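Asker: A structural model of the following input is requested.
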Amino acid sequence: MGARADAMQRAAQAWHLRVLGRTWAEIAEAVGFANDANAIRAVRRFVGKLPEPDVDETRTVWRERMEHLWGIAARDAEAGRPGAIRAGVAVAQRASALDGLDAPARYEITPAESQLEQLVQQMLARSGHVQVEEPEVLELEVLAVDDAGERG
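Answerer: Have a look, this model is predicted:
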């Protein structure tokens, strides 16, 4: 295998370990780089930038990690170890949030009428539209009219 192919393989292995949650220092040691900066540089050199991890793969990795942690927390809870239940609840909460099992959080923001009017005016000003002036309030007198159309 040529030097370039070996460097590419090491960079790919380094990124794979990063996706799995290893630190750059751990990656440098595992893959054979002198230090963490060299591991980062190797990945950037062959990819162009640090790639974004694949979301589905990352979820799968985190599911497996949480399953592992859940087993530890359950054993610790059965053994009566302090903090085990709290740890188990934390793992369960993160797992349910990861897969969207929690009810979605809903926030309602109800600004005061004056704040809403101010916001609308700011948005209109930024968009270049003419600001809407408040309509003039007309005071009218209501007069009763009989069936013949005569004012009463």
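Asker: tell me the secondary structure for residue 125?
Answerer: What DSSP: H, G, I helix; E, B strand; the rest coil gives for residue 125 is helix.
Asker: Quick check: residue 57 touching residue 20?
Answerer: No. Using CB atoms under 8 Å as the test, residue 57 is too far from residue 20 to be in contact (9.5 Å). Using the backbone N, CA and C atoms, a C-beta is placed for each residue, glycine as well.
Asker: between the two, which one's more packed in?
Answerer: Higher neighbour count among residue 57 and residue 20: residue 20, with 15 against 12, using other CB atoms under 10 Å.
Asker: okay, the most centrally placed residue in the chain: pLDDT?
Answerer: The residue lying closest to the centre of the chain (CA atoms, centre = their mean) is residue 98, at 10.9 Å. Confidence at residue 98, expressed as pLDDT, is 84.
Asker: show me what contacts it?
Answerer: Residue 98 is in contact with 59, 62, 63, 66, counting by CB atoms under 8 Å, 6 or more residues apart in numbering.
Asker: and the third one, how far is that from residue 15?
Answerer: What it means is residue 63. Residue 63 sits 20 Å away from residue 15, taking CB to CB, to the nearest Å as the criterion.
Asker: mind giving me TSV with the contacts of residue 98 and columns for pLDDT and secondary structure?
Answerer: Formatted as TSV, these follow (pLDDT from 0 to 100; DSSP: H, G, I helix; E, B strand; the rest coil):
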residue	pLDDT	secondary structure
59	80	helix
62	82	helix
63	86	helix
66	87	helix
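Asker: could I get those as CSV with neighbour count and distance to residue 49?
Answerer: Shown next, in CSV, are the contacts of residue 98 (neighbours: other CB atoms under 10 Å; distance: CB to CB, whole Å):
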residue, neighbour count, distance to residue 49
59, 13, 22
62, 15, 23
63, 13, 27
66, 18, 29
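Asker: ok, these vs residue 30, which is closest?
Answerer: Taking CB to CB as the measure, residue 30 lies nearest residue 62 of the contacts of residue 98, at 20.5 Å.
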